[in-house]
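Participant: predicted model and sequence below, questions to follow.
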Amino acid sequence: MSKLDRLDIKQLRIFQALIREKNASKAASQLGLTQQAVSEQLKKLRDVFDDRLFLRKTSGFIPTPFAEQLSLDIDKLLNDFQALLSPKVFDPKTVSGTYVIAATDYAQQVVLPSIIARLRLESPNLKIIVRDFELDKLHDLMESGKVNLAIAFPDYIPDSYPILTLFEEHHVCVTSLNSSISKLSPSLAEIADYPSIIASPSRPNFKGSIDDWFKSFGLSRNVVVSAPCFSIVPMYLEVTDSIAFLPSRAITELNLIEIELEESPDPFDVIAAWHPRYNEDPLQKWVVSNLLP
């Protein structure tokens, strides 16, 4: 058995009490122990450190020079243990390190600017990495700590993850001002037949998030272009005679016109999510507290 295996915190506390009191009886009373228990632990300490540590005198003990030097190291060690067990006070202004956010193209445009502004204001030493949302890799990235926060739609997030709903969003049907459908009031069936552009950021295909909604009316969309991100769709609309369904907050200040529909797609939530292992992490709790205005 190594010397470290033969040592425990209780023995160190007894040693420090003997240094202070220089009396076994007084040290025992201070620690709520019997004098015999103190003497037994002192015997073990002498064996571990291979030094007498304390010499008897009429009124108590005198520490050896080795014990006096050892006391300085033990005092620091016990203070470090106490700090380890004390509640940590989180101060965003002094925290440093890197925080990684995975966000969809939509979230990067609409959600993150205000959040990053708040985080930078309150925590100037914290560095932030924003990376594209990778649906197939999300769980592994978050479980390994390579991603701290995800901002996306509920369908993209594992059911076991804690989430915070940021706001409710809805899709609107839009087209360019020059398209042949911009001046019409088309039926839903006509909308379905019209050439449509979708954003498919998670997987490149021709299936959009509202295809099931069209299917509930017995309709199938005529998707002709699939783009990897929301931000490029308005540019494609400008040069093609087509329509798109985009989140309402992603089309502000764009040269697009909204087509009024006889029925509207169901609203959906935009959420933030994180791995359960970080539920009690002070930095994580602070960031989450800054997600809402």
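Facilitator: Structure's in. What do you need?
Participant: so where's this structure shaky on pLDDT?
Facilitator: Scanning the chain for pLDDT under 70 picks out 1, 202-203.
Participant: pull the longest helix from it.
Facilitator: helix 65-85 (DSSP state H).
Participant: identify the residue nearest Leu138 in space, chain neighbours excluded?
Facilitator: The shortest distance from Leu138 to any non-neighbouring residue, by C-beta to C-beta, 6 or more residues apart in numbering, is to Ala150 (6.2 Å). Where you see a C-beta, it was placed from the backbone N, CA and C, and this is true even at glycine.
Participant: what do you get for Asn255?
Facilitator: Nearest residue to Asn255, sequence neighbours excluded (C-beta to C-beta, 6+ apart): Leu177, at 6.4 Å.
Participant: just to check, that neighbour is in contact with Leu254?
Facilitator: No - the pair Leu177 / Leu254 is not scored as a contact, 10.6 Å apart, by C-beta atoms under 8 Å.
Participant: dump the C-alpha coordinates for the longest helix of the chain into PDB.
Facilitator: Only the C-alpha atoms of helix 65-85 are listed here, as PDB (Å, rounded to 0.1, in the frame of the first residue of the first chain):
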ATOM      1  CA  PRO A  65      10.800  21.300  12.400                       C
ATOM      2  CA  PHE A  66       9.500  18.900   9.700                       C
ATOM      3  CA  ALA A  67       5.900  19.100  11.100                       C
ATOM      4  CA  GLU A  68       6.100  22.900  11.100                       C
ATOM      5  CA  GLN A  69       7.100  22.900   7.400                       C
ATOM      6  CA  LEU A  70       4.500  20.200   6.600                       C
ATOM      7  CA  SER A  71       1.800  22.200   8.200                       C
ATOM      8  CA  LEU A  72       2.200  24.900   5.500                       C
ATOM      9  CA  ASP A  73       1.600  22.400   2.700                       C
ATOM     10  CA  ILE A  74      -1.300  20.700   4.500                       C
ATOM     11  CA  ASP A  75      -2.900  24.000   5.200                       C
ATOM     12  CA  LYS A  76      -2.900  24.800   1.500                       C
ATOM     13  CA  LEU A  77      -4.100  21.300   0.600                       C
ATOM     14  CA  LEU A  78      -7.100  21.600   3.000                       C
ATOM     15  CA  ASN A  79      -8.000  25.000   1.600                       C
ATOM     16  CA  ASP A  80      -7.900  23.600  -1.900                       C
ATOM     17  CA  PHE A  81     -10.300  20.800  -0.700                       C
ATOM     18  CA  GLN A  82     -12.600  23.300   0.900                       C
ATOM     19  CA  ALA A  83     -12.600  25.400  -2.400                       C
ATOM     20  CA  LEU A  84     -13.500  22.200  -4.300                       C
ATOM     21  CA  LEU A  85     -16.500  21.600  -2.100                       C
END
